[in-house]
Structure formats: C-alpha cells, structure tokens
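1. build me a model from this:
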Amino acid sequence: MLTEDINTEEQSNRASRPMIVILPTGNYACKLSSRNELLTCVAFGTIRADLFIEVAWQNITRAQGQGSDVKAYEATERRILLRVSGHMFSLQYVESPELVRS
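-> Take a look at the predicted model:
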C-alpha cells in the first residue's frame, strides 16, 4: 500500500525507475511477534525520504478513502507509525539506491 505509486511492474527503463523495498525486522521478521506488539519494518529506497513520506501519505489517504482500516499516527522523515487492520506498524525509511538495486 505505501509503495503503490512507486513500485510498478513496468519493466521498461527499470534501472532508472524509483524503487522501494520494505522488510520486517526484529520479532516481526522471525514471525515471533504477537498481535499486540509493535511490528517494526525498515524500507530501503532510491528516493529522498521527504518524497517517500509524501507518496506514502497519499497512499494512506487513498486507502482510507477506499474503506481500508488504516490509521496513521505519525508520518515524519524519522518514521511512519500506523495501524492497519488492528496491527501497529513502525516503518523507518533509509535512502540507499545501491542496496535496493543490488
């Protein structure tokens, strides 16, 4: 949902297109987290952090408009904190074109 406008299936000019990869971390990555636990993720991408926040915020409001159970509590360059279908997520974004493209 957060990367809907960035990551596309289009293969033309793929090397120059923006990309974002979101990975779970900690207990969430090990599938050991409980429903009431904050699920932490890190996103690596090729775009600036402020642009990522802007696109993510647009996608959050679009999902809310379509009736999805999404509530944002914080959306800053430091992190995005949101609840999706009863699960709390904390997402930190890191700009790293080299890592994403490899």
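
2. ends of stretch 31-46, what's the gap?
-> 27 Å (C-alpha to C-alpha, to the nearest Å).

3. for that stretch, list every residue counted as buried.
-> Within stretch 31-46, the residues scored as buried using 16 or more other C-beta atoms under 10 Å are 33, 39-46. For every residue, glycine as well, the C-beta is placed using N, CA and C.

4. now that stretch: average pLDDT?
-> Stretch 31-46 carries an average pLDDT of 87.

5. the closest residue to residue 46 other than its chain neighbours: neighbour count?
-> Distances taken as C-beta to C-beta, 6 or more residues apart in numbering put residue 97 closest to residue 46, at 4.3 Å, once the chain neighbours are dropped. Residues near residue 97, counting by other C-beta atoms under 10 Å, number 13.

6. low-confidence stretches in the protein?
-> Residue ranges of the chain with pLDDT under 70: 5-16, 101-102.

7. strands of that one, residue ranges please.
-> With DSSP state E as the criterion, the chain has strands at 20-24, 39-45, 70-75, 80-84, 87-95.

8. in CSV, list these along with distance to residue 2.
-> Conversion of these to CSV gives the following (distance: least, C-beta to C-beta, whole Å):
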stretch, distance to residue 2
strand 20-24, 7
strand 39-45, 8
strand 70-75, 10
strand 80-84, 7
strand 87-95, 7
